[in-house]
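S.K.: Could you look at this predicted model? Sequence included:
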Amino acid sequence: MAEAVFVVSAVIILAGAVGVVASRNPVHAALFLVQTLVGVAVLFVLNDAHFLAAVQVVVYAGAIVILFLFVIMLLGVDKAEELRIEPIFGQRPLAAVVGVSLAAVLGTVVVTGADVLTGLRRAGGDRALDGDATDIERMGRVLFSEYAFAVEITAALLTVAVVGAVVLTRRASRSDGSTAAETAAQET
Amino acid sequence: MDLAGLSVGWYLALSVALFAIGGVGLLVRRNPLVMFMCVELMLNAVNVAFVALGAGLNDVGGQVAVFFVLVVAATEVVIGLALVVAINRRRSGATADDVSLLKG
């Protein structure tokens, strides 16, 4: 049963990934990205990470992809891109070579190292996955004890990101009343 | 891993394939928005590996790592899309190649 679920979701994930790379229209790429993200969420459920599966769907498929679609809509860049022309000579073959060698190196590491990695140790206490606690309870305990400092840093990171996004996108008003974008338009 | 009857190696193989596809997409595509989507693909490949290895080691640390990756991915998208909007305001229809004008 688990094998069948894994194979089906792996096919869905890889098909979505190829769709993101190969679709000419950015909107289609975003929808293929949703397909991949939902497939990854299924794999999370298969590994008993139910909280992460929910967060994956809500944050990734719900928030991040919607943000992509909003930006595509706002900028009006949903025109299909011409994929047949190659803007930089030799870019595609080089990218293929890099991709294949990346997959080969990582695949070698997986084949030779997976059993070593997973045979190293079994965690105990709060960190063990086979206790009575639900996965969200377990994550909460570890996050707010062992990783409490990292959680605080995360809060600072999110604040900086929000402030940065506002600073980057706001139109600074000049003394003569015109906006920065109007000034830029006059300059060009 | 006796949890689901599947060995961790299969998850890692899927993760490798997803990471490589995302990397090739990042190198090939010129639309900055699609390039960001390819970065998201690569981050998700890492998340799959984290969760599978965490389940294999019976350790919640893998799931915690995915949690932090999600937060960093969200901030990365916010800042990246703000940059795309700011660049498009000055030069509409800009691709990643046009930004090479930034060099001196």
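M.R.: Thanks, I have the structure now.
S.K.: Now name the helix or strand holding residue 27.
M.R.: I'll assume chain A. Under the criterion of DSSP states H and E, A:Val27 resides in helix A:26-46.
S.K.: think we crossed wires, I meant chain B
M.R.: Taking DSSP H and E as the criterion, B:Leu27 maps to helix B:8-28.
S.K.: Which stretches in chain B count as helices?
M.R.: B:8-28, B:32-56, B:61-90 (DSSP state H).
S.K.: quick one: the second one to chain centroid distance?
M.R.: In this view, helix B:32-56 has its centroid 5 Å away from the chain centroid, taken as Cα atoms, centre = their mean, to the nearest Å.
S.K.: how about the nearest residue to B:Ile21 once chain neighbours are set aside, what does it touch?
M.R.: Leaving aside its chain neighbours, B:Ile21 sits nearest to A:Ala17 (4.3 Å; criterion: Cβ to Cβ, 6 or more residues apart in numbering or on different chains). Every C-beta, even on glycine, is put in place using the N, C-alpha and C of the backbone. A:Ala17 makes contact with A:Phe32, A:Thr36, B:Ala17, B:Leu18, B:Ile21, B:Gly22, B:Gly25, B:Leu41 under the criterion Cβ atoms under 8 Å, 6 or more residues apart in numbering or on different chains.
S.K.: Name the helix or strand for A:Ala17, please.
M.R.: Element membership of A:Ala17 [criterion: DSSP H and E] is helix A:2-22.
S.K.: Report the buried residues of that helix.
M.R.: Neighbour-count burial for helix A:2-22 flags A:Phe6, A:Ser9, A:Ala10, A:Ile12, A:Ile13, A:Leu14, A:Gly16, A:Ala17, A:Gly19, A:Val20, A:Val21 (criterion: 16 or more other Cβ atoms under 10 Å in any protein chain shown).
S.K.: so the last one touches B:Arg29, yeah?
M.R.: Yes. A contact is recorded between A:Val21 and B:Arg29 when judged using Cβ atoms under 8 Å, the distance being 6.9 Å.
S.K.: list the residues that contact both of these two?
M.R.: Taking Cβ under 8 Å, 6+ apart as the criterion, A:Val21 and B:Arg29 both touch B:Cys38.
S.K.: Tell me the first helix or strand C-terminal of whichever strand or helix holds A:Val109.
M.R.: Applying DSSP H and E as the criterion places A:Val109 in helix A:91-118. Per DSSP H and E, the first helix or strand lying C-terminal to helix A:91-118 is helix A:135-143.
S.K.: Quick check, pLDDT for B:Val85.
M.R.: pLDDT for B:Val85: 87.
S.K.: Next: A:Ala165.
M.R.: If you check A:Ala165, the pLDDT there is 91.
S.K.: wait, it sits on B:Val78?
M.R.: Yes. Counting by Cβ under 8 Å, B:Val78 is a contact partner of A:Ala165 at 4.9 Å.
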